[in-house]
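Undergrad: sequence? don't have it. structure:
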């Protein structure tokens with residue numbers, strides 16, 4: 001989710017400059033709901049690489065890859081931009097058959113560089129700004145980040161209305177996002193639980209974003225909040241209505257920032273100047289302890305600096321974004 005959302009402002013900028021161009025996006029099927037019907041891209045190509053890795057040598061996988069190749073080549077793309085910088089994304093770009101293939105000079109995975117015909121030496125530190133550099137090189141004009149309009153799914157909106165009514169949250173709520181891609185980026189169940197208690201004491205309804213995991217259930221139990229499990233389209237609808245979102249460096253927090261919702265985000269091992277949820281018009285407060293050490297190793301334990309961020313500090317940041325607690 002984070003990779004898609006960080007790339008969207010650059011592609012939205014391209015769309016605003018060249019409204020008549022045809023733009024396609026290759027993405028894991030799960031994240032297609034972030035793109036389909038949003039007006040930024042014309043075609044979404046589903047690329048189920050996770051499924052393919054589970055059955056790499058089966059005829060079905062070979063057939064699906066061949067079908068994807070035909071589908072993308074039928075679009076007649078002139079240029080392919082690899083925003084992710086991974087081997088799998090570079091291979092998908094090669095399959096598209098575009099005359100020009102543009103990617104970073106120092107990609108996330110070094111071997112991907114071999115599949116680019118044009119390599120861009122990125123100057124920016126933040127990933128959305130890097131995406132703008134790549135798209136600018138591909139378009140041969142300066143492309144700036146633009147505001148993102150995410151799709152509105154009618155069925156998901158109806159689900160959201162009904163779910164909020166059942167949880168007595170139709171008048172407003174705070175959404176807590178306690179999980180992240182790996183443990184080092186997670187602030188901790190007990191801290192989120194205590195924060196939820198304090199927010200409820202201030203009269204706020206607390207919802208906890210969760211999938212098939214125990215963390216969300218534990219936070220809801222400790223805070224007296226309610227767990228919400230949803231599809232991606234439903235999460236977009238839910239987040240669009242949140243009064244405040246609190247979480248770490250994780251997709252749903254970036255989603256909230258992209259939707260213009262107030263966000264308090266807690267960073268530890270990852271660098272907010274590179275990975276922060278900075279979108280045009282975003283209302284974001286980033287908290288990071290000075291002792292945090294930047295590392296993208298997927299450690300299980302909460303990073304020491306992240307653990308030093310107090311519940312008091314997060315509560316104060318939340319109050320500031322909501323206009324203060326004195327009202």
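TA: The structure has been received and is ready for your questions. Computed from a predicted structure; not experimentally measured.
Undergrad: pretty sure residue 175 belongs to a helix, no?
TA: No. Read with DSSP: H, G, I helix; E, B strand; the rest coil, residue 175 is strand and lies in no helix.
Undergrad: contacting residues around it?
TA: Taking Cβ atoms under 8 Å, 6 or more residues apart in numbering, we find residue 175 in contact with 207-209, 228, 238-239, 242, 244-246, 252, 256. Heads up, the C-betas are built off the backbone N, CA and C, glycines and all.
Undergrad: Would you double-check that residue 200 falls in a helix?
TA: Yes. The assignment for residue 200 is a helix, going by three-state DSSP.
Undergrad: what about the helices in the stretch 1-150 of the chain?
TA: Applying DSSP state H, counting those that start in this stretch to the stretch 1-150 of the chain gives helices spanning 2-17, 49-54, 59-74, 87-95, 127-139.
Undergrad: rank those helices by pLDDT, which is bottom?
TA: The minimum mean pLDDT among these belongs to helix 49-54 (a mean of 92).
Undergrad: Pull out the buried positions in that helix.
TA: Buried residues in helix 49-54, counted by 16 or more other Cβ atoms under 10 Å: 49, 52.
Undergrad: Now find how far off-centre that helix is within its chain.
TA: When distances are taken as Cα atoms, centre = their mean, to the nearest Å, helix 49-54 is centred 21 Å away from the chain's centroid.
Undergrad: How much space separates the nearest residue to residue 180 once chain neighbours are set aside from residue 268?
TA: Closest residue in space to residue 180, ignoring its immediate chain neighbours: residue 250 at 4.0 Å, by Cβ to Cβ, 6 or more residues apart in numbering. Residue 250 is 12 Å from residue 268, where distance means Cβ to Cβ, to the nearest Å.
Undergrad: Looking at these two, which is more packed in?
TA: Set side by side, residue 250 and residue 268 show more neighbours around residue 268, with 28 against 23, by other Cβ atoms under 10 Å.
Undergrad: Okay, helices next: where are they in the stretch 151-300 of the chain?
TA: In the stretch 151-300 of the chain, the helices defined using DSSP H, counting those that start in this stretch lie at 154-166, 189-201, 214-223, 232-240, 251-258, 272-275.
Undergrad: Using TSV, please lay out those together with distance to residue 307.
TA: As requested, the helices of the stretch 151-300 of the chain are exported to TSV (distance: least, Cβ to Cβ, whole Å):
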stretch	distance to residue 307
helix 154-166	32
helix 189-201	8
helix 214-223	16
helix 232-240	26
helix 251-258	18
helix 272-275	17
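Undergrad: and residue 144, which of the ones you listed is closest to it?
TA: Of all these, helix 251-258 sits nearest to residue 144, with 16.1 Å by Cβ to Cβ.
Undergrad: which residue sits closest to residue 132, ignoring its sequence neighbours?
TA: Computed as Cβ to Cβ, 6+ apart, the closest residue to residue 132 that is not its neighbour in sequence is residue 10, at 4.5 Å.
Undergrad: coming back round to it: the residue nearest to residue 180 contacts residue 182, correct?
TA: No. Residue 250 is beyond contact range of residue 182, at 9.9 Å (criterion: Cβ atoms under 8 Å).
Undergrad: returning to that earlier point: got the helices of the stretch 1-150 of the chain as TSV, with distance to residue 312 columns?
TA: Shown next, in TSV, are the helices of the stretch 1-150 of the chain (distance: least, Cβ to Cβ, whole Å):
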stretch	distance to residue 312
helix 2-17	28
helix 49-54	40
helix 59-74	51
helix 87-95	42
helix 127-139	31
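Undergrad: Minimum distance to residue 178: which of those has it?
TA: Set against residue 178 and scored by Cβ to Cβ, the helices of the stretch 1-150 of the chain come closest in helix 2-17, at 16.4 Å.
Undergrad: thinking again about what came up before, so the residue nearest to residue 132 touches residue 137, yeah?
TA: No. In this structure, residue 10 is not within contact of residue 137 by Cβ under 8 Å, at 11.1 Å.
Undergrad: which one of the two has more residues nearby?
TA: Taking neighbours as other Cβ under 10 Å, residue 10 and residue 137 compare with residue 10 leading, 28 against 21.
Undergrad: Distance check, the more buried one against residue 89.
TA: Distance from residue 10 to residue 89, counting by Cβ to Cβ: 15 Å.
Undergrad: again, but for residue 191
TA: From residue 191 across to residue 89, the span is 35 Å (Cβ to Cβ).
Undergrad: again with residue 308
TA: Here the distance between residue 308 and residue 89 works out to 36 Å (Cβ to Cβ).
Undergrad: Compare neighbour counts for those two and give me the winner.
TA: Neighbour totals were compared for residue 308 and residue 89, and residue 89 leads with 25 against 15 (other Cβ under 10 Å).
Undergrad: quick one: the nearest residue to that one once chain neighbours are set aside from residue 41, how far?
TA: Excluding its sequence neighbours, the residue lying closest to residue 89 (Cβ to Cβ, 6+ apart) is residue 82, at 5.1 Å. Using Cβ to Cβ, residue 82 is found at 16 Å from residue 41.
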